[in-house]
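Undergrad: Structure of the sequence below:
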Amino acid sequence: MPGLVWVIGAGTVIFGGVIAYVVTWRYGWGLAILLPVLALATLIAMRWQKLGLAADEGARMAGHTLIFAAPILLGVIAGIALARIRRG
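TA: Numbers count the residues shown, from 1 in each chain. Reported below is the predicted structural model:
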């Protein structure tokens, strides 16, 4: 089971990196970082509202969401860095 989790995590990092690389190459790094950050903030806000959480419960839920989103954000950062290095 842990091996499968690592494979899924690596696939997620690569997927996020490829998308960020293409967006950075085409539109610049600002838009490439803006899209996943806005999507993550929207996800947290919608879940918080749907579950009707108090401030402490909501902050805990947001922290867990950030932990699960870490591979995507890592891939995005790697893709942006690679695109910027290749552009020179």
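Undergrad: so where's this structure shaky on pLDDT?
TA: Applying pLDDT under 70 to the chain picks out residues 1, 88.
Undergrad: now with 80?
TA: 1, 87-88 (pLDDT under 80).
Undergrad: report the longest helix in it, please.
TA: Longest helix of the chain, by residue count under DSSP state H: helix 55-87.
Undergrad: Determine the set of other helices and strands touching that one.
TA: Secondary-structure packing of helix 55-87 (3 or more Cβ pairs under 8 Å, 6 or more residues apart in numbering; DSSP states H and E): helix 2-27, helix 29-51. Every C-beta, even on glycine, is put in place using the N, C-alpha and C of the backbone.
Undergrad: how about the ones you listed, which one is nearest Ile85?
TA: helix 2-27 (10.5 Å; Cβ to Cβ).
Undergrad: gap between the closest one and the chain center?
TA: With Cα atoms, centre = their mean, to the nearest Å as the basis, helix 2-27 stands 9 Å off its chain's centre.
Undergrad: and what of stretch 53-73?
TA: That offset, for stretch 53-73, works out to 12 Å (Cα atoms, centre = their mean).
Undergrad: Which residues does that stretch contact?
TA: The contact list for stretch 53-73, computed with Cβ atoms under 8 Å, 6 or more residues apart in numbering, reads Gly9, Thr12, Val13, Phe15, Gly16, Pro36, Leu40, Leu43, Ile44, Arg47, Trp48, Leu51.
Undergrad: got it, and stretch 16-33?
TA: The contact list for stretch 16-33 (Cβ under 8 Å, 6+ apart) reads 35-36, 71-80, 82-84, 86-87.
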